[in-house]
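> Structure for this input, please:
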Amino acid sequence: MISIIIGIFVGLMDSVLDYLIFFEEFGSLKRMIFYPPVHEVFTRTVIFLSFVIFGIVVQYLANRSHRNLQTLNEQEFFLKIISGNINDMIWIGSDDWEKIYYVSDSYQGLWGRSSESLKRSPLSWMDAVIEEDKERVKTSLRKIIEEGLDEFKFPLYRIKSLDGNVYWLQVSGKFVKVAGEGKRYVVGVAQNVTNQIRVAKQLKDERDYLQKLLNIAGVIIVTLDSEGNITLINRKGQELIGKSWQELAGKNWFDTCIVKEKRREVRMVFDMIISGKVEPVESYENTIITDDGRERLISWHNALLYDEEGNITGTISSGLDVTGEREAQKRNAEYSEKLKRLVKDRSQELDAKTKKLTDSQKALTYLLEDVNEARQDLIDLNKKLELSNKELEAFSYSVSHDLKAPLRAIDGFSKILLEEFDGKLGTDGERYLKIVRDNTQRMGTLIQDLLNYSRVGRVGLKPVDIDMYFLVRDLCDAQLELSMEKNIVIEIDTLPKVKADKTLITQVWNNLLSNAVKFSSPRETPKIKIGFEDQNDSYRFFISDNGVGFDKKYANKLFQVFQRLHTIEEFEGTGVGLALVKRIVERHGGSVDVEAKKDNGATFYFSLAKR
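Numbers count the residues shown, from 1 in each chain. From the prediction side, this is the model:
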C-alpha cells in the first residue's frame with residue numbers, strides 16, 4: 001500500500017515538472033508568476049493538491065507505523081510475561097541451529113548461563129550435557145538437521161547446571177514458516193522433567209516392591225477392571241495358568257482363564273457385582289483352565305476396588321488351588337465307601353472262613369503229623385544219600401585205581417616192546433603197538449575226565465577273587481608252549497574280576513582254549529579272540545576262533561557227555577570237556593551258549609554272576 005501511494009505522489013510531481021519546463025520555453029518565469037494565464041492557475045492548483053496529498057500520505061504512514069510498533073511492543077510484552085512465568089525454556093532460532101533470535105529467561109535458571117551467551121554461541125547449550133548423554137544428543141541433532149523434519153523430539157537427556165544441579169530435560173519443537181518469507185524458523189521447548197522422572201522412579205520402586213510381596217505369596221492374586229480385564233497378576237498365578245505377564249496383561253479374564261462351559265455364568269455374576277446389584281461373596285470356588293488345557297479348581301476370596309468418589313472400579317481376588325485337596329477328598333470318600341463295603345464283605349467271608357478254619361484245624365493236626373513223618377523220612381534219605389556219596393566216592397577211587405593200573409601196565413609194556421625190539425617187530429607190529437598205546441592213553445584220559453565230571457557235582461565250591469585277565473593270559477602262554485602251531489594269534493581284551501572257584505574256572509578256560517586251538521589248527525594262521533560283555537547283573541565271557549566251525553543245529557549236543565561232531569581221526573578228544581564246562585558254569589549259577597557256522601569258526605559263551 002505504501003509503495004502505491006508513493007508511486008502516485010512521484011507521478012504527480014513528474015507532471016508538475018513537465019508543465020514548468022514547457023512554460024520556461026515560451027516566456028519568463030517571472031512574467032508568468034505576476035501575470036498568470038488560465039493554464040498557469042491550473043498548474044498551481046495541481047501543485048497545491050499534490051502537496052496536500054503527500055501530507056495526507058505521510059500522516060497515514062506515520063499513524064500506521066505507530067500502531068504496528070504498539071502492537072509489536074504489546075506482543076513482545078505478553079511473550080515475556082508468558083515465558084517468564086513458566087519453568088519450560090522457550091527459544092526461537094534459524095533452521096540450521098546456527099542463530100538464536102529469542103530465548104526465555106528459564107534458560108538461565110536451568111543452564112546457569114545468560115540468554116545473551118546462548119545468542120552469541122547458539123550451540124553452547126551442548127556444553128552442559130553430561131558426557132554419558134552427549135553423543136546421543138549430538139546424533140539426534142544431526143538427524144533433525146539432515147532430515148529436515150517438520151517436528152522433532154530429542155530423547156531424554158541430562159544437563160549439569162553451573163550450580164552443580166543435574167536436570168532431566170525433554171526437548172521438542174517445530175519448524176515454522178512466516179508468511180511472506182521463504183525461510184524456516186525453529187521454535188523449541190525444553191521441559192524440566194526431573195521431578196516427573198524422580199516420582200516415576202519412586203512409583204516404579206514401590207510397584208516393584210509390591211510386586212515382590214505379591215510374588216512370594218503362595219496363592220494367586222489377581223485384579224480386574226470393571227470390564228474383567230487383567231490389570232495385575234502375581235507370579236503364582238502366572239505359573240499356575242502357564243502364561244507370562246506379557247501374555248496376560250490387559251486380557252479378559254473370563255475369555256482367557258475360565259472354562260468355556262462356565263464362562264457366561266461367571267461373567268454374569270461379575271457384572272452384577274460391578275454394577276452394585278449384588279454384594280460379592282466372600283469365598284467361592286470355580287474352575288479355571290491353564291495354557292496346556294488342564295482344569296484347576298480354585299478357592300477364591302474377593303474384595304471390591306473403589307475410586308476416590310466411591311465408584312466400583314474393579315475387584316481384587318486371592319485364590320488357592322484346591323484341585324488336589326478336592327480330588328483327595330473325593331478319593332477318600334470313595335475309599336471310605338469302598339472300605340465299608342469291603343468290611344462288610346470281609347466280615348461275611350471271615351465268618352465263613354472261621355467255620356472252615358474250625359473244620360480245618362482237625363485236618364491241620366493230621367497234616368502236621370504227616371509232615372513230621374515226612375521230615376523223618378527226609379532225614380533218613382539224607383543219611384542214605386550221604387552214605388551213597390561216600391560209596392560213590394570210594395567206587396570212583398576204586399575205578400580210578402583199578403582201571404588206570406592195567407592201562408598204565410599196557411602202556412608201559414607196549415613202550416618197552418617198542419624200545420627193546422626196535423626194528424625187529426616189523427612195520428605192522430610197531431604200528432599195532434602204537435595203536436595200543438594211543439587207545440590206552442585215550443582211555444586213561446577218558447577215565448580222568450569222567451572222574452572230574454563226577455567230582456564237580458559232589459565237591460563244594462570255594463569262591464575266591466579271580467583276576468580273569470591274568471588267569472587267561474597264563475593259560476594262553478602255557479597253551480602256546482605245548483602247541484605244535486607256532487603261528488597262533490591270540491587276542492585278549494581287558495577282563496573283569498570275578499568271585500568263583502578258581503580251580504573249576506581254570507578248568508573251564510583250559511577246556512575252551514584247548515578246543516579253540518585244536519579246531520583252528522587247520523588254518524594257515526589260527527586266530528583266537530577272548531573278551532567279555534558287561535550285562536545287567538552278570539559278565540558274559542566269550543572265546544572265538546576262525547576254525548572249522550560246525551552246523552548250528554548240532555549245538556545242543558555239544559554240551560552232553562560223549563557227544564562229538566568230528567571223528568577221532570579228524571580231531572582227538574573224549575567228548576567230555578564241554579559237558580564239564582557246562583556243569584561247572586551251572587554250579588556257579590551261570591549258563592553256556594555257542595554260535596557257529598560251518599567252515600567259519602565258532603564262539604563259545606559262558607556267564608558268571610557279578611559279586
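
> All the helices of the stretch 501-611 of the chain, residue numbers only.
502-520, 555-558, 577-587 (DSSP state H, counting those that start in this stretch).

> again, but for the stretch 151-300 of the chain
Applying DSSP H, counting those that start in this stretch to the stretch 151-300 of the chain gives helices spanning 194-215, 235-241, 245-248, 253-257, 260-274.

> Present the helices of the stretch 501-611 of the chain as TSV; the columns should include mean neighbour count.
Where C-beta positions appear, they are placed from N, C-alpha and C, glycine not excepted. Output for the helices of the stretch 501-611 of the chain, formatted as TSV (neighbours: other C-beta atoms under 10 Å):
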stretch	mean neighbour count
helix 502-520	20
helix 555-558	15
helix 577-587	21
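
> remind me which residues of this protein are low pLDDT?
1-87, 179-181, 382-409, 411-413, 424, 430, 432-460, 484-486, 554-555, 559-576 (pLDDT under 70).

> Hmm, L240 is touching T290, no?
Yes - counting by C-beta atoms under 8 Å, L240 touches T290, with 6.7 Å between them.

> what touches both of these two?
Counting by C-beta atoms under 8 Å, 6 or more residues apart in numbering, the common neighbours of L240 and T290 are R296.

> more neighbours, these two?
A count of neighbours by other C-beta atoms under 10 Å puts L240 above the other of L240 and T290, at 21 against 14.

> mind checking how far that one is from Q202?
Counting by C-beta to C-beta, to the nearest Å, the gap from L240 to Q202 is 31 Å.

> Please apply the same query to I298.
Applying C-beta to C-beta to I298 and Q202 gives a distance of 34 Å.

> Of those two, give the one with the bigger neighbour count.
With neighbours defined as other C-beta under 10 Å, I298 and Q202 compare such that I298 has more, 21 against 10.

> ok, that one touching V222?
No - judged on C-beta under 8 Å, I298 makes no contact with V222 at a distance of 10.1 Å.

> anything in contact with each of these two?
In contact with both I298 and V222: G319, using C-beta under 8 Å, 6+ apart.

> which secondary structure element contains R341?
helix 323-420 (DSSP states H and E).

> Run a quick neighbour tally on T223.
19.

> now swap in the one 4 residues further on and tell me
By the criterion of other C-beta under 10 Å, E227 has 12 neighbours.

> contacting residues for the residue nearest to it when sequence neighbours are not counted?
Spatial nearest neighbour of E227, chain neighbours left out: N252 (7.3 Å); criterion: C-beta to C-beta, 6 or more residues apart in numbering. By C-beta under 8 Å, 6+ apart, the contact list for N252 reads 227-230.

> separation between L425 and R431?
9 Å.

> More neighbours: those two, which one.
L425 (15 against 11).

> which residue is nearest the centroid of this protein?
Closest to where the C-alpha atoms of the chain average out (C-alpha atoms, centre = their mean) is G242, at 16.0 Å.

> Now the closest residue to it other than its chain neighbours: phi and psi?
Leaving out its chain neighbours, the residue that sits closest to G242 by C-beta to C-beta, 6+ apart is D291, at 3.3 Å. Dihedral angles of D291 (phi, psi; degrees, to the nearest 10) stand at phi -60, psi -30.

> Pull the residues that contact stretch 349-367.
Counting by C-beta under 8 Å, 6+ apart, no residue sits against stretch 349-367.

> what do you get for stretch 206-224?
230-237, 240, 253, 270, 298, 305, 314-321.

> And stretch 175-192, what's buried?
175, 184-186, 188-192 (16 or more other C-beta atoms under 10 Å).

> now do stretch 89-108
Quick answer for stretch 89-108 (16+ other C-beta under 10 Å): 89-93, 95, 100, 102-104, 106-108.

> just how off-centre is that stretch within its chain?
Put simply, stretch 89-108 sits 56 Å off its chain's centre (C-alpha atoms, centre = their mean, to the nearest Å).

> which residues touch that stretch?
79, 83-84, 86-88, 109-110, 113-115, 118-119, 122-123, 125, 141, 145, 175, 183-190.

> repeat that for 7 Å
Residues outside stretch 89-108 that contact it (C-beta atoms under 7 Å, 6 or more residues apart in numbering) are 83-84, 87-88, 110, 114-115, 118-119, 122-123, 145, 175, 183-190.

> Same question for stretch 304-319.
Contacts of stretch 304-319 (C-beta under 7 Å, 6+ apart): 219-226, 231, 274, 276, 280, 298-303.
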